[in-house]
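K.L.:
Let's see this in three dimensions:
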Amino acid sequence: MRIAVYPGSFNPVHKGHIRIARYLLQKEITDRVLIVPTGNYWDKQDLLPLKDRIAMLKIFEKDGIVVEEEANELPYTYQLMRELRKRYPDDELQLVLGADNLPRFDEWKNYKELLKYPFLLVRRNGIDIRKEMAELNKSDYHILLLKEMAVSSSYIREHLENYEEVRSMLDNRVWRYLKKLQAE
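P.N.:
Okay, the predicted model is just below:
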């Protein structure tokens, strides 16, 4: 089985995140998408509690989309992949990445270990993916043929009071969940 490992903060989950997961399944690029909201994200501040990000992602858990609830506190992607390799020794693990990660990918902790996995790449910010992959000497990758969406979790958080501002980016169920959190 091919399992696409899709790590991120998902702070909050937006339509772009789910569009990527569904695309991977619909185009049969993978058999399962394992979404991994990261609990100890090394470069993010002001994250919503992990339990809330998991709860929002669970709204979309069906038809091959699975939300990881155990390996979320690992601070580095290589550690996550090691843990999942133990759990799924006979499956092909694929790593979902936004192309905006590529220019500095060689600065990631144990990045060479991650190069062993096929990459599923989402176009972002005009990054030349083929050039970046050549510089990493990596040929085992797939570029998702999705149009880039103008969507930002930080923009959503800043404009949550005005649903009209964010409704094109945010599922209504997620918006209601976030509004309930604000009221608590």
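
K.L.:
host element of Ala150?
P.N.:
Counting by DSSP states H and E, there is no helix or strand that carries Ala150.

K.L.:
Quick one, grab the pLDDT at it.
P.N.:
Ala150 carries a pLDDT score of 78 in this model.

K.L.:
List the buried residues for the helix or strand harbouring Leu84?
P.N.:
Element membership of Leu84 [criterion: DSSP H and E] is helix 77-87. Across helix 77-87, burial judged by 16 or more other CB atoms under 10 Å covers 77-78, 80-81, 84. Bear in mind the C-beta positions are built from the backbone N, C-alpha and C, glycine included.

K.L.:
Lys58 touches Val67, doesn't it?
P.N.:
Yes - the criterion here is CB atoms under 8 Å, and Lys58 meets it with Val67 at 5.5 Å.

K.L.:
So for those two, which residue has more residues nearby?
P.N.:
Val67 (22 against 15; other CB atoms under 10 Å).

K.L.:
So what sits opposite the more buried one in the bridge?
P.N.:
Ile35 (DSSP bridges).

K.L.:
can you pull the buried residues of the helix or strand where Ala21 lies?
P.N.:
Using DSSP H and E, Ala21 falls within helix 15-26. Neighbour counts over helix 15-26 (16+ other CB under 10 Å) mark 15-21, 23-25 as buried.

K.L.:
burial measure for Leu50, as a count.
P.N.:
19.

K.L.:
same question, Asn72
P.N.:
Neighbours of Asn72 using other CB under 10 Å come to 19.

K.L.:
Check Gln94 too.
P.N.:
For Gln94, using other CB under 10 Å, the count is 25.
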